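J.: Show me the folded form of this:
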Amino acid sequence: MSYSYLNGNWGQVTGGVTYAYDGDGRRAAKVGTKLYWYGSGGEILSETDASGNTLNDYIFFGGKRVALVPASGSALYYAEDLLGSARVIVQSNGTLCYDGDFVPFGGERAYTSTCSQNYKFEGKERDTETSNDDFGAREYSWRFGRWLSSDWSATPEPVPYANLSNPQTLNLYGMVEDDPESFADLDGHLGDPPQAASASPSAGPCTDPTLCSPPPPPPPQPTTAAAAAAAPALTNALVESGARTLEIAASKMATAVAGFVGAVAEGTAVAGIVLLTPTKLNSDENAQMAKIHAAEDAAQSGSLPKPPTGPGSVAPDQRDPQRLATPKQKAEKLAGQGGACANCGGKVKAGEGVGHHPVRHADGGKTKDVVIVCKPCHDDLHSSN
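T.: Next up, the predicted model:
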């Protein structure tokens with residue numbers, strides 16, 4: 001069997017089958033035999049033959065594939081595990097027609113298999129011609145437990161999505177940092193944080209800051225009269241700070257309580273707000289906060305500047321370990337922007353926006369501060385002109 005690749009990452013001709021791709025890099029067809037039809041969230045809703053006759057329709061609920069409706073025959077219903085792998089399939093009359101397990105790196109162990117379907121490990125299509133899994137960005141081989149091509153990013157990086165504090169991320173062929181029992185891949189990239197497969201308390205303490213939940217806030221303390229008098233100024237400072245970083249919010253709150261610093265102790269509750277004692281920033285931190293402040297103002301005004309080029313001003317091991325926003329984060333950001341591009345103000349469809357760092361990741365930008373822009377604006381912002 002021979003392989004060739006389009007742009008080095010997507011299989012173009014494998015096992016005698018030619019694949020075609022759309023402008024977003026998604027597989028659009030197995031030429032001559034199958035066409036794929038996508039929903040707004042990027043899920044495959046329908047498959048037709050080359051003439052447009054329906055082969056299969058798929059039903060999703062909460063982002064999960066729950067049913068297959070073939071052109072002939074009755075509906076089949078999926079039961080998936082926490083990784084998204086199809087473990088059980090039943091017919092509409094309740095008859096079990098598939099029951100199987102998957103080993104950690106994707107090998108299938110089918111005990112009952114009387115109904116035909118190709119969406120298996122982590123819910124991805126397993127091509128019958130190669131037995132490889134199509135994850136979108138690239139193809140995965142469960143037999144080798146690795147990707148068939150290296151990871152890549154839309155913005156050129158020496159080692160895409162690498163976190164120098166975690167050597168596993170330097171392997172651009174590795175599957176979810178070689179821990180497929182705990183994490184699931186979303187689309188073939190390492191950019192989105194691996195999705196936790198289990199939140200069981202028995203798994204032990206959380207050690208990955210990108211997956212850990214924040215600790216609960218301390219209980220409010222009794223309110224003093226002097227502190228209560230500061231509540232209106234503090235509330236205004238918090239509203240003005242909005243979604244800015246904690247350091248900016250702390251700086252504004254410090255000004256608001258300047259007259260009451262002797263009466264307000266760390267952790268004191270003020271009209272339902274728990275105060276944190278502000279930390280004085282050094283000159284470098286002040287400069288970084290000013291840079292972030294200016295970039296966010298530009299994003300709000302719809303005139304994002306083009307990011308600089310070069311290696312960046314922040315050491316790689318000091319950068320935000322989360323390189324890209326997750327689909328959920330991008331959806332929340334877009335909703336917060338009223339569904340509009342942060343640069344041109346045009347309407348952006350759900351699932352089609354691109355996350356953009358107002359301050360470049362290599363210069364200390366945080367993924368939680370990304371804004372959503374349309375693809376033409378993103379291409380323009382990162383063009384060399």
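
J.: pLDDT score for the closest residue to His378 other than its chain neighbours?
T.: Using C-beta to C-beta, 6 or more residues apart in numbering and skipping the chain neighbours, the partner closest in space to His378 is Val354 (4.2 Å). No exception for glycine: its C-beta is placed from N, CA and C like everyone else's. Here the pLDDT value assigned to Val354 is 90.

J.: Residues in a beta bridge with Val354, which ones?
T.: Val373 (DSSP bridges).

J.: buried sites along stretch 373-385?
T.: Within stretch 373-385, the residues that count as buried by 16 or more other C-beta atoms under 10 Å are 373-374, 377-378.

J.: Let's verify Glu332: helix, strand, or coil?
T.: With DSSP: H, G, I helix; E, B strand; the rest coil as the basis, Glu332 sits in helix.

J.: Check which residues of stretch 105-118 are buried.
T.: Quick answer for stretch 105-118 (16+ other C-beta under 10 Å): 105-106, 108, 115, 117.

J.: quick one: Lys70 and Leu76 touch, right?
T.: Not quite, residue 70 is Pro, not Lys. Yes - Pro70 lies in contact with Leu76 (C-beta atoms under 8 Å); the separation is 7.5 Å.

J.: Could you chop this structure up by domain?
T.: Using automatic domain parsing, the domain parsing of the chain gives 1-215, 225-274, 294-381.

J.: taking the ones you listed together, which one is wrapped up most tightly?
T.: For the domains of the chain, the largest average neighbour count (mean count of other C-beta atoms under 10 Å) is found in domain 294-381, namely a mean of 17.

J.: residues in contact with Gly188?
T.: 135-140, 147, 151 (C-beta atoms under 8 Å, 6 or more residues apart in numbering).

J.: Apply 6 Å and report the result again.
T.: Contact analysis of Gly188 by C-beta atoms under 6 Å, 6 or more residues apart in numbering lists 135-138.

J.: so how far is Glu129 from it?
T.: Per C-beta to C-beta, to the nearest Å, Gly188 is found 19 Å from Glu129.

J.: same check, this time on Pro305
T.: In terms of C-beta to C-beta, Pro305 sits 47 Å off from Glu129.

J.: ok so, going back, mind listing which of the buried residues of stretch 105-118 are in helices?
T.: If you go by DSSP state H, the buried residues of stretch 105-118 have nothing in helices.

J.: Select from the residues you listed the entry with the lowest predicted confidence.
T.: Gln117 (86).

J.: Between the contacts of Gly188, which sits nearest Ala335?
T.: Gly136 (23.7 Å; C-beta to C-beta).

J.: Find the nearest non-adjacent residue to the closest one, please.
T.: Once flanking residues are discounted, Gly136 sits nearest to Asp187: 4.4 Å by C-beta to C-beta, 6+ apart.

J.: Extract the C-alpha set from stretch 127-145 and format it as PDB.
T.: Taking C-alpha atoms only, stretch 127-145 is exported to PDB below (Å, rounded to 0.1, in the frame of the first residue of the first chain):
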ATOM      1  CA  ASP A 127     -11.300   4.100   6.700                       C
ATOM      2  CA  THR A 128     -12.000   0.600   5.400                       C
ATOM      3  CA  GLU A 129      -9.300   0.900   2.800                       C
ATOM      4  CA  THR A 130      -6.400   1.700   5.200                       C
ATOM      5  CA  SER A 131      -7.800   1.000   8.800                       C
ATOM      6  CA  ASN A 132      -6.500   4.500   9.700                       C
ATOM      7  CA  ASP A 133      -8.600   7.000  11.600                       C
ATOM      8  CA  ASP A 134      -9.500  10.400  10.100                       C
ATOM      9  CA  PHE A 135      -9.200  13.100  12.800                       C
ATOM     10  CA  GLY A 136      -9.500  16.000  10.400                       C
ATOM     11  CA  ALA A 137      -6.100  17.700  10.700                       C
ATOM     12  CA  ARG A 138      -4.300  14.400  10.000                       C
ATOM     13  CA  GLU A 139      -4.600  10.600  10.000                       C
ATOM     14  CA  TYR A 140      -3.900   8.300  13.000                       C
ATOM     15  CA  SER A 141      -2.700   4.700  12.900                       C
ATOM     16  CA  TRP A 142      -3.900   2.700  15.900                       C
ATOM     17  CA  ARG A 143      -1.600  -0.100  14.900                       C
ATOM     18  CA  PHE A 144       1.500   2.100  15.500                       C
ATOM     19  CA  GLY A 145      -0.100   4.200  18.200                       C
END
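
J.: now that stretch: mean pLDDT?
T.: 88.

J.: Assumed His378 was part of a strand.
T.: No - if the criterion is three-state DSSP, then His378 is helix and not within a strand.

J.: Which stretches in the stretch 251-385 of the chain count as helices?
T.: 283-301, 327-336, 375-381 (DSSP state H, counting those that start in this stretch).

J.: Can you flag the weakest of those helices by average pLDDT?
T.: Per-segment mean pLDDT for these reaches its minimum on helix 283-301, at a mean of 58.

J.: Would you enumerate the residues in contact with the closest residue to Asn343 other than its chain neighbours?
T.: Leaving aside its chain neighbours, Asn343 sits nearest to Cys377 (4.2 Å; criterion: C-beta to C-beta, 6+ apart). For Cys377, the contacting residues are 341, 343-344, by C-beta under 6 Å, 6+ apart.

J.: could I get those residues as TSV with distance to Phe60 and pLDDT?
T.: Formatted as TSV, the contacts of Cys377 follow (distance: C-beta to C-beta, whole Å; pLDDT from 0 to 100):
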residue	distance to Phe60	pLDDT
Cys341	27	89
Asn343	31	86
Cys344	31	86
